[in-house]
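*Asks:* one predicted model, sequence on top.
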Amino acid sequence: GAVVSQHPSRVICKSGTSVKIECRSLDFQATTMFWYRQFPKQSLMLMATSNEGSKATYEQGVEKDKFLINHASLTLSTLTVTSAHPEDSSFYICSAASVEGVTDTQYFGPGTRLTVL
Amino acid sequence: QQQVKQSPQSLIVQKGGISIINCAYENTAFDYFPWYQQFPGKGPALLIAIRPDVSEKKEGRFTISFNKSAKQFSLHIMDSQPGDSATYFCAAPKGGGKLIFGQGTELSVKP
């Protein structure tokens, strides 16, 4: 149980284009999903918290107009990187917190490798 | 107050040995301490977690030791295996369901 999927697993795009990443909780409902980015050999950096049916809350320093988050249902959140640039190249990981699960337990997706040329 | 400091940054252990990774926190209000395991190119997976009402939790070869007075918790991997080679992250709650992560420890278990 507690499986989270991400799609795509990797994407290469040209500078200036937008990329959408999907995060799905497959076998449970998630009121809250989180989006992280991770650079090589570094820790996970929380970008934003996504709550079903409401606006996402962004961490300090994260541009909300650049990283658009939509949490349309209890099983799906999307992250759209708008007008991507090479510095946006990173490993993006989502996580989901179960509605009925233990507080603070997050289940992570497999990640999406974004490369912006 | 919100930091979690993890050490060592990297660790090399012989097969069969004990791997020990430490984390220190500052906020005494933290009430949940998970450890995550991450393989290259994959997302982190919850390994084991502890709440501060116990001093130790064991699951198979993995043990969390918790020292509330010292504000430290550690992960012990007994009988370390090459398949345990991964990056390990400790974490603590930040509020609102968020987690803050330690800097990570890259473990390499040599055969």
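*Replies:* Received it, and whenever you're ready, just let me know what you need. Numbering: from 1, shown residues only, chains lettered A, B, ... in the order given.
*Asks:* got the contact list for the residue lying closest to A:Thr17 once chain neighbours are set aside?
*Replies:* Excluding the flanking residues, the one nearest A:Thr17 by Cβ to Cβ, 6 or more residues apart in numbering or on different chains is A:Ala84, at 6.0 Å. For every residue, glycine as well, the C-beta is placed using N, CA and C. Applying Cβ atoms under 8 Å, 6 or more residues apart in numbering or on different chains, we find A:Ala84 in contact with A:13, A:15-19, A:114, A:116.
*Asks:* just the buried members of those residues?
*Replies:* Among the contacts of A:Ala84, those that count as buried by neighbour count (16 or more other Cβ atoms under 10 Å in any protein chain shown) are A:13, A:19, A:114, A:116.
*Asks:* show the pLDDT at the second one.
*Replies:* According to the predicted model, the pLDDT of A:Val19 comes to 97.
*Asks:* for chain B, what's its nearest residue on chain A.
*Replies:* Residue nearest to chain B within chain A: A:Phe108 (3.9 Å; Cβ to the nearest Cβ).
*Asks:* re the thing from before, quick one: secondary structure of the residue nearest to A:Thr17?
*Replies:* coil (DSSP: H, G, I helix; E, B strand; the rest coil).
*Asks:* thought A:Gly16 was touching A:Pro86?
*Replies:* No. The pair A:Gly16 and A:Pro86 fails to qualify as a contact (Cβ atoms under 8 Å) at a distance of 10.7 Å.
*Asks:* so what's A:Pro110 closest to, chain neighbours aside?
*Replies:* Of all residues not flanking A:Pro110 in the chain, B:Gly43 sits nearest, at 4.8 Å (Cβ to Cβ, 6+ apart).
*Asks:* any idea which helix or strand carries the closest residue in space to A:Pro40 that isn't next to it in sequence?
*Replies:* Taking Cβ to Cβ, 6+ apart as the measure, A:Pro40 lies nearest to A:Phe91, with 7.9 Å between them; neighbours along the chain are not counted. For A:Phe91, the host element (DSSP states H and E) is strand A:90-98.
*Asks:* got it, and B:Ala92?
*Replies:* In this assignment (DSSP H and E), B:Ala92 forms part of strand B:86-95.
*Asks:* got the contact list for that strand?
*Replies:* Applying Cβ under 8 Å, 6+ apart, the external contacts of strand B:86-95 come out as A:43-44, A:46, A:104, B:2, B:4, B:6, B:21, B:23, B:25, B:27, B:30-40, B:44, B:47, B:73, B:75, B:99-102, B:104-107.
*Asks:* at 6 Å what do you get?
*Replies:* Applying Cβ atoms under 6 Å, 6 or more residues apart in numbering or on different chains, the external contacts of strand B:86-95 come out as A:104, B:4, B:6, B:21, B:23, B:25, B:30, B:32-39, B:99-102, B:104-106.
*Asks:* tell me the buried residues in it?
*Replies:* Across strand B:86-95, burial judged by 16+ other Cβ under 10 Å covers B:86-94.
*Asks:* let me see the mean pLDDT of it.
*Replies:* Averaging pLDDT along strand B:86-95 gives 92.
*Asks:* I'd like the next helix or strand past that strand.
*Replies:* strand B:98-101.
*Asks:* and the residue nearest to A:Thr17, what pLDDT?
*Replies:* In this prediction, A:Ala84 carries a pLDDT score of 96.
*Asks:* does A:Thr112 really touch A:Ser5, like I thought?
*Replies:* No. Between A:Thr112 and A:Ser5 there is no contact under Cβ atoms under 6 Å: 10.6 Å.
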